[in-house]
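Visitor: Have a look at this prediction, sequence included:
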Amino acid sequence: MTADPRTNAVPQYAPDGFWDEMFARPGEVRPHYARLARRLATLAAPDVAKRQRAAELSFQAQGITFAVNQDASGPEKTMPFDLVPRIVLADEWARIERGLQQRVRALNLFLHDIYHDQKILRAGLIPSELVLAARGYRREFRGVDVPLGVYTHVVGSDLVRDGQGTWFVLEDNLRVPSGVSYVVENRRVLKRVWPQLFTDYRVRPVEGYPQDLLEVLRSAAPGSDDPTVVLLTPGVHNSAFFEHAFLAKSMGIDLVQGSDLFVDDASVYMRTTRGRRRVDVIYRRVDDDFLDPLTFRPDSALGVPGLMSAYSAGNITLANAVGTGIADDKAVYSYMPEIVKFYLGEEPILKNVPTWRCREPKDLAYVLDNLGELVVKEVHGSGGYGMLIGPAATKATIEAFRDKLKRDPEGFIAQPTLALSTCPTCTEAGLAPRHVDLRPFVLTGSNHVTVVPGGLTRVALKEGSLVVNSSQGGGTKDTWILDE
């Protein structure tokens with residue numbers, strides 16, 4: 001495929017020195033973007049604005065929203081969506097797919113080990129106190145076997161490109177990873193408002209995700225030929241409630257809250273208009289702490305009293321398993337190369353971002369000396385909150401973080417400020433580069449690990465920002481994996 005230099009250029013677009021998804025250098029479009037670039041070059045600004053507005057109206061009509069805050073007062077907002085898709089070549093995706101499958105297999109083995117024999121801790125590859133004292137580790141479930149040995153039914157790992165275009169894993173999300181509903185809806189909306197784009201490319205579909213997820217959940221049921229699967233939500237005020245409702249409807253299963261379920265004789269039942277109905281699998285979108293007030297937080301009104309007794313007895317499958325949050329810990333993440341080698345005997349296909357563990361004196365000293373150049377994160381942080389981006393921070397903010405690190409070094413890790421790749425994005429001034437990441441979703445069934453062909457491309461809509469989270473002003477793009 002060759003590009004015609006007279007028609008493929010997007011006027012006045014400057015990649016600003018970062019790795020750009022569309023441009024190899026100013027004025028030179030990457031071959032797999034050439035047809036898209038030609039279409040963009042023929043559109044006048046009013047045409048782009050018209051399609052963008054149509055996309056926004058479609059999102060509003062379908063209620064595709066998120067909440068900025070995690071409580072009842074949090075205002076709902078329509079998820080910002082950008083028209084320009086991100087395109088990934090088939091061979092490049094094949095490597096990402098292999099790398100994620102490898103990573104999730106290793107994570108599953110790691111989770112089983114730390115709740116059973118703890119071989120990796122006894123081998124001294126990871127400090128025992130780092131795991132056993134972590135907030136996400138659940139001592140209550142040492143020795144508890146999960147159905148089919150699967151802990152990680154759904155994983156969303158965040159990937160980034162650096163300034164040379166190399167892919168790295170930035171973090172893993174195993175507790176209740178969210179965002180896949182936007183993957184499906186982004187595709188539907190883009191096909192509706194700009195169908196001509198899809199005549200130029202063979203793009204792998206993502207619409208089958210809900211049924212793939214349902215198949216994984218049904219396969220994890222403990223001993224039932226016709227299992228009942230439900231989705232447990234904290235309720236309408238949760239920031240991801242749209243996704244909960246979307247997935248339940250798409251899978252054809254009941255969307256329930258804790259008050260809809262009860263436990264009797266170590267089994268879980270759902271209240272229905274026809275009486276009680278046995279539940280076999282709960283796709284839970286509720287954090288561990290709130291699942292069962294008899295085991296975890298006694299003030300929780302979101303969970304089901306006695307749920308953990310049924311879980312320990314093997315009468316209910318929870319997806320993901322209780323205690324998987326330990327792998328979300330950013331200090332544990334830093335040991336993923338060792339975890340992959342220990343359990344699989346392989347070199348990691350996808351590398352971690354270099355990480356300094358502030359709990360280690362040598363690393364802490366380096367971080368304190370270079371705060372203005374680094375990104376510092378809480379080991380339990382999420383959503384883009386509680387972190388320092390050194391190059392963009394004020395002196396006062398840096399000094400405040402210095403005090404935090406000195407008081408609680410074990411609560412933080414640090415990473416270099418990555419030159420995240422950029423992708424052309426619609427702005428009021430025309431197309432402009434904005435930084436992006438990618439969250440692919442990985443499903444683990446009884447005998448296979450599947451990566452959804454695409455993922456959630458999150459884009460930092462604010463000029464110069466490196467924070468892509470929707471709660472911090474980010475938006476999303478459709479992600480195309482080419483089928484060729």
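Guide: That came through, no problem. Numbers count the residues shown, from 1 in each chain.
Visitor: And the contacts of stretch 213-227?
Guide: Residues outside stretch 213-227 that contact it (C-beta atoms under 8 Å, 6 or more residues apart in numbering) are 147-148, 150, 153-154, 229, 247, 251-253, 280-281, 283, 314-317, 319, 443-446, 450. Every residue, glycine included, has its C-beta placed from N, CA and C.
Visitor: Filter the residues you listed down to the buried ones, PyMOL style.
Guide: Selection of buried members from the contacts of stretch 213-227 for PyMOL, criterion 16 or more other C-beta atoms under 10 Å:
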select buried, resi 147+148+150+153+154+229+247+251+253+280+281+283+315+316+317+319+443+444+445+450
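Visitor: Okay, and which of the contacts of stretch 213-227 map to strands?
Guide: Those of these mapping onto strands are 154, 229, 281, 283, 317, 319, 443-444, 450, per DSSP state E.
Visitor: Please report phi then psi for Arg202.
Guide: Dihedral pair for Arg202: phi -100, psi 110, per degrees, to the nearest 10.
Visitor: Actually, Arg161.
Guide: phi -100, psi 150.
Visitor: Pull the number of nearby residues for it.
Guide: 22 (other C-beta atoms under 10 Å).
Visitor: what residues are up against it?
Guide: Taking C-beta under 8 Å, 6+ apart, one finds 19, 167-168, 420-421 in contact with Arg161.
Visitor: measure it to Pro222 for me?
Guide: For Arg161, the distance to Pro222 (C-beta to C-beta, to the nearest Å) stands at 41 Å.
Visitor: Ok, Ile114 next?
Guide: Look at Ile114 and Pro222: by C-beta to C-beta, they are 22 Å apart.
Visitor: For the contacts of Arg161, which single residue is the most surrounded?
Guide: Ser421 (24 neighbours).
Visitor: Not counting residues beside it along the chain, what's closest to that one?
Guide: Nearest residue to Ser421, sequence neighbours excluded (C-beta to C-beta, 6 or more residues apart in numbering): Arg161, at 3.8 Å.
Visitor: And for Gly325?
Guide: In space, Gly325 is closest to Gly136, 3.2 Å off (C-beta to C-beta, 6+ apart).
Visitor: The one you found contacts Ala331, correct?
Guide: No: taking C-beta atoms under 8 Å as the definition, Gly136 is not a contact partner of Ala331, at 10.6 Å.
Visitor: quick one, which of those two is more surrounded?
Guide: More neighbours surround Ala331 than the other of Gly136 and Ala331, with 23 against 19 (other C-beta under 10 Å).
Visitor: That one in helix, strand or coil?
Guide: Using DSSP: H, G, I helix; E, B strand; the rest coil, the structure places Ala331 in helix.
Visitor: separation between the closest residue to it other than its chain neighbours and Arg359?
Guide: Leaving aside its chain neighbours, Ala331 sits nearest to Val379 (4.7 Å; criterion: C-beta to C-beta, 6+ apart). Separation of Val379 from Arg359 (C-beta to C-beta) stands at 9 Å.
Visitor: For the longest helix seen in the chain, name the packing helices and strands.
Guide: For the chain, the helix reaching the highest residue count under DSSP state H is reported as helix 90-114. In this structure, helix 90-114 packs against helix 119-122, strand 154-161, strand 167-173, helix 336-344, strand 441-444, strand 449-451, with contacts taken as 3 or more C-beta pairs under 8 Å, 6 or more residues apart in numbering; DSSP states H and E.
Visitor: let's go with 6 Å and repeat that
Guide: Using 3 or more C-beta pairs under 6 Å, 6 or more residues apart in numbering; DSSP states H and E, the elements in contact with helix 90-114 are helix 336-344, strand 449-451.
Visitor: Among the ones you listed, pick out the one with the most neighbours on average.
Guide: strand 449-451 (a mean of 20; mean count of other C-beta atoms under 10 Å).
Visitor: What strands line up against that one, and which way round?
Guide: strand 441-444 (antiparallel) (DSSP bridges).
Visitor: contact partners of the partner strand?
Guide: 100, 104, 150, 152-153, 155-156, 180, 212, 216, 450-452 (C-beta atoms under 6 Å, 6 or more residues apart in numbering).
Visitor: May I ask which two of the residues you listed are separated the most?
Guide: Val150 and Val180 (18.1 Å; C-beta to C-beta).
Visitor: ok, so what distance separates Glu399 from Val449?
Guide: 45 Å.
Visitor: which residues does Glu338 contact?
Guide: Leu125.
Visitor: If we use 7 Å, what do you get?
Guide: The contact partners of Glu338, taken as C-beta atoms under 7 Å, 6 or more residues apart in numbering, are 125-126.
Visitor: got it, and the one 4 residues further on?
Guide: For Phe342, the residues meeting the contact criterion (C-beta under 7 Å, 6+ apart) are 120, 125.
Visitor: rewinding a little: of Ile114 and Pro222, which one has the most company?
Guide: A direct count of neighbours by other C-beta under 10 Å for Ile114 and Pro222 places Ile114 higher, at 23 against 17.
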